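**Q** Curious how this folds, go ahead:
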Amino acid sequence: MTVTDRIRGSAVPAARAELDETLRRILATPSLAAQLLLAAADQLTTSRPEQTLTISGWGRTLARADQRVLSGYPQSIAQHAARRAMCALDAEMWATARTRGEWAICLRAAAKTV
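**A** Sure, this is the predicted structure:
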């Protein structure tokens, strides 16, 4: 079976077309670091977004996001993703974000950079 390549206008084997589709899906999937930040943002918005985020609240949120996203990955991969996620948080965010909802907005913006 062959499939027509839309760009080149020529026929390509079905296996190549399947590979291209798999590659498109992989590239559309956020990185593990981005997924970690997005999971934390989701938690912050679903639980009292108008309240101030405390240090212990941040720790719990991050631990839950870590468990949700990174469990099942080898330790080295999980640590690398967590490091990349934390490096994406800029100093201005730490100074300006106060409520859980504000933190969620900052985390979603940071997730776009990793």
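
**Q** contacts and neighbour counts: CA atoms only from here.
**A** Noted.

**Q** I'd say Ala97 and Trp103 touch.
**A** Yes: between Ala97 and Trp103 there is a contact at 5.5 Å, judged by CA atoms under 8 Å.

**Q** quick one: which of those two has more around it?
**A** Each of Ala97 and Trp103 has its neighbours counted (other CA atoms under 10 Å); Trp103 has more, 23 against 16.

**Q** Now that the more buried one has come up, it's in contact with Ala41, right?
**A** Yes: counting by CA under 8 Å, Ala41 is a contact partner of Trp103 at 7.2 Å.

**Q** Listing request: residues of the chain with sub-threshold pLDDT.
**A** Across the chain, the ranges flagged by pLDDT under 70 are 1-15.

**Q** Apply 80 and report the result again.
**A** 1-17, 19-20, 22, 26-28, 94-97 (pLDDT under 80).

**Q** So which residues of it form strands?
**A** 2-4, 11-13 (DSSP state E).

**Q** Give me the distance between the two termini of stretch 90-107.
**A** End-to-end distance of stretch 90-107 (CA to CA, to the nearest Å): 10 Å.

**Q** got the buried residues for that stretch?
**A** 97, 99-107 (16 or more other CA atoms under 10 Å).

**Q** what's the offset of that stretch from the middle of its chain?
**A** Relative to its chain's centre, stretch 90-107 lies at 17 Å (CA atoms, centre = their mean, to the nearest Å).

**Q** which outside residues touch stretch 68-79?
**A** The contact list for stretch 68-79 (CA atoms under 8 Å, 6 or more residues apart in numbering) reads 32, 35-36, 39.

**Q** ends of that stretch, how far apart?
**A** End-to-end for stretch 68-79, by CA to CA: 14 Å.
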